[in-house]
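**Student:** curious how this folds, go ahead:
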Amino acid sequence: EALKAAMFAARPWALPLDELREYFGEKIALYFAWVGYLTTCLGIQCIAALGVGVWSGYTYFKTGSLVHYGSIAYAVIIPAWVNILLEYWKQKEVYLAMRWGMCEFEDKETERPEFRGVIIQSYIDGSDMKYYPENKAAKKRFKARAAILGMLMFVIGCVCSIVAFKIFLNKVSEWGQKYGPFIASFANGVLVEAFSILVASNLALYLANYENHRTDTEYEDSLILKMFVFEVTSSYSQLYYIAFLAQSTSTICVDNEDCGYKLVISLVGIMFSKCFGQNVGEVALPMLLRHYSHAENEAKGHGDKEMTRAEQEYMMHEYDPIFEMVLDYQEIATIFGFVVLFTAAFPVGPLIAFVGFYMEIRVDAFKLGQHRRPVPRGAQDVGHWMTVFKLFVAASIVTNSALVVFRSDVLGERTPTEKAWIFNALLYVLFG
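**Tutor:** Next up is the predicted model:
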């Protein structure tokens, strides 16, 4: 209870990490350190985001365009800023690993209890060890990838149905033209959340278990890859369609300014569903499960007995530190992607993300308190999630450069060849 109260009272830059590590283990403590660090950095970024956002609003009402020289400079600076923050986090990560004695954790990691194999003698020291043939592992990986590919086709079909629904609303009446973008944005947010919770996470969990990984790190990396592929496809495909293809392939938007406006509406809808809608579920679900366990206990005739603290914790729902952490990291990464990928069109994204992350720290702390205390697990770093964040930074350079060059009127009347040369020059400078 004291730790829960400390988590609710602490600021993102001053979380009780050592207390979290002692009670929950290094893995959960490192997650809170990462979210607290990102929230602090976003708080600093919000100062610039607010200024650019006010400028963008003034420019939109005056000229009808969301992109201006201020947003261009902001879009150029943000990827470099985020890259510096990620590099600094690596230093902090190493410092925490040294302080908590986790520097060689992955080198000394033991096998998962769920790992299946035959017992053979080690070729090194003759001791007994589990062995699983590589050809069988390769076949399982191939089947898992085929299942992922099939599910991705299903996701793309769902996204196309949302786009078709938006086109239908745009054609049906003036009412559809006025409110269609908001309705479609809400439908897209609901679809993304429902697919992520009900389908993608369960399928990725099943396939990761099916592949039979030797260590928790290998298992978690496989789970991250599968869930990230699903999340990227469902969360960002429609946004990229509106930003770059809608004007030439549909009647959703008629010009660059209209496409930019529809893009912002979609971003707001899906970011709010991710930042706030998902938190409601994270708070409500463990409470419902806990009340269900107590109701079931009373139905068995044990409701009149006062339970001890150990019995109360036993009645709580079990917490899977690997799967739950992957879900939490995925939520943070997805919101981070919205912030950096479309900076040129939506500069105030960091404001929404900052409030969402600030709430996320409290929600995750509350969620942990509503579950049975997990077995403490070690962790040396955030794993493949750092690669995911680095990919977002690289993708943001390409996306924002394309928004500025091809989807805005800042450059004036230029030929497609000239714009292509400017786009390539921007990529060369920014990646350099």
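**Student:** from L427, how far off is C41?
**Tutor:** When CB to CB, to the nearest Å is the yardstick, C41 and L427 sit 25 Å from each other. The C-beta positions use only the backbone N, C-alpha and C, and glycine is treated the same way.
**Student:** who has more neighbours, those two?
**Tutor:** Using other CB atoms under 10 Å, the more surrounded residue of C41 and L427 is C41, with 22 against 15.
**Student:** quick one: contacts for the more buried one?
**Tutor:** Listed by CB atoms under 8 Å, 6 or more residues apart in numbering, the contact partners of C41 are L85.
**Student:** got it, and G378?
**Tutor:** By CB under 8 Å, 6+ apart, the contact list for G378 reads 25-27, 102, 105.
**Student:** do the same with K130
**Tutor:** Counting by CB under 8 Å, 6+ apart, K130 touches 111, 115-120, 214.
**Student:** that's a helix at it, yeah?
**Tutor:** No: when the secondary structure is assigned by DSSP: H, G, I helix; E, B strand; the rest coil, K130 falls in strand instead of a helix.
**Student:** what about it, distance to V94?
**Tutor:** K130 is 32 Å from V94, by CB to CB.
**Student:** and the strands in this protein?
**Tutor:** Listed in chain order, the strands of the chain (DSSP state E) span 118-121, 128-131.
**Student:** can you list the strands that the last one pairs with?
**Tutor:** Paired neighbours of strand 128-131 in the sheet (DSSP bridges): strand 118-121 (antiparallel).
**Student:** may I have the strand it pairs with as PDB, with CA atoms only?
**Tutor:** As requested, the backbone C-alpha atoms of strand 118-121 are provided in PDB (Å, rounded to 0.1, in the frame of the first residue of the first chain):
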ATOM      1  CA  VAL A 118      14.600 -34.300 -25.400                       C
ATOM      2  CA  ILE A 119      17.300 -34.800 -22.800                       C
ATOM      3  CA  ILE A 120      20.800 -35.300 -24.300                       C
ATOM      4  CA  GLN A 121      24.300 -35.000 -23.000                       C
END
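**Student:** returning to what we had before: and of the strands of the chain, who's closest to R407?
**Tutor:** Set against R407 and scored by CB to CB, the strands of the chain come closest in strand 128-131, at 54.2 Å.
**Student:** ok, how many other residues are close to G260?
**Tutor:** 26.
**Student:** and the one 5 residues further on, by the same measure?
**Tutor:** The criterion is other CB under 10 Å. On that basis, I265 has 17 neighbouring residues.
**Student:** and for W89?
**Tutor:** So W89, with other CB under 10 Å, has 19 neighbours.
**Student:** would you mind confirming that it makes contact with Y37?
**Tutor:** Yes: the pair formed by W89 and Y37 meets the contact definition of CB atoms under 8 Å, at 5.9 Å.
**Student:** any idea how far K108 is from I162?
**Tutor:** 47 Å.
**Student:** what of G101?
**Tutor:** 11 Å.
**Student:** between those two, which has more neighbouring residues?
**Tutor:** It is G101, of G101 and K108, that has more neighbours when counted by other CB under 10 Å, with 10 against 7.
**Student:** and V382, how far from A75?
**Tutor:** 26 Å.
**Student:** just D258 next, same as before
**Tutor:** Using CB to CB, D258 is found at 20 Å from A75.
**Student:** more neighbours: which of the two?
**Tutor:** Regarding D258 and A75, a neighbour count based on other CB under 10 Å identifies A75 as having more, with 25 against 15.
**Student:** contact partners for that one?
**Tutor:** Neighbours of A75 in contact, by CB under 8 Å, 6+ apart: 343-344, 347, 400, 403-404.
**Student:** got a pLDDT number for it?
**Tutor:** A75 is assigned a pLDDT of 81 by the prediction.
**Student:** and Q177, by the same measure?
**Tutor:** At Q177, the pLDDT recorded in the model is 64.
**Student:** verify the stated contact: A137 with R214.
**Tutor:** No: assessed by CB under 8 Å, A137 is found out of contact with R214, at 9.4 Å.
**Student:** any idea how far L263 is from M7?
**Tutor:** Between L263 and M7 the computed distance is 36 Å (CB to CB).
**Student:** which residues are in contact with D328?
**Tutor:** Shown in contact with D328 (CB under 8 Å, 6+ apart): 31, 35, 360, 364.
**Student:** if we go to 7 Å?
**Tutor:** 31, 364 (CB atoms under 7 Å, 6 or more residues apart in numbering).
**Student:** now L38
**Tutor:** Applying CB under 7 Å, 6+ apart to L38 gives the contacts 332, 357.
**Student:** ok, now V232?
**Tutor:** With CB under 7 Å, 6+ apart, V232 has no contacts at all.
**Student:** one more pass at 10 Å, please.
**Tutor:** Contact partners of V232, counting by CB atoms under 10 Å, 6 or more residues apart in numbering, are 152, 155, 333-334, 337, 388, 391-392, 395.
**Student:** any idea how far stretch 270-285 is from the chain center?
**Tutor:** Here stretch 270-285 shows a centroid-to-chain-centroid distance of 13 Å under the convention CA atoms, centre = their mean, to the nearest Å.
**Student:** can you list the buried residues in that stretch?
**Tutor:** Along stretch 270-285, the positions that meet the burial threshold by neighbour count (16 or more other CB atoms under 10 Å) are 270-271, 273-275, 278-279, 282-283.
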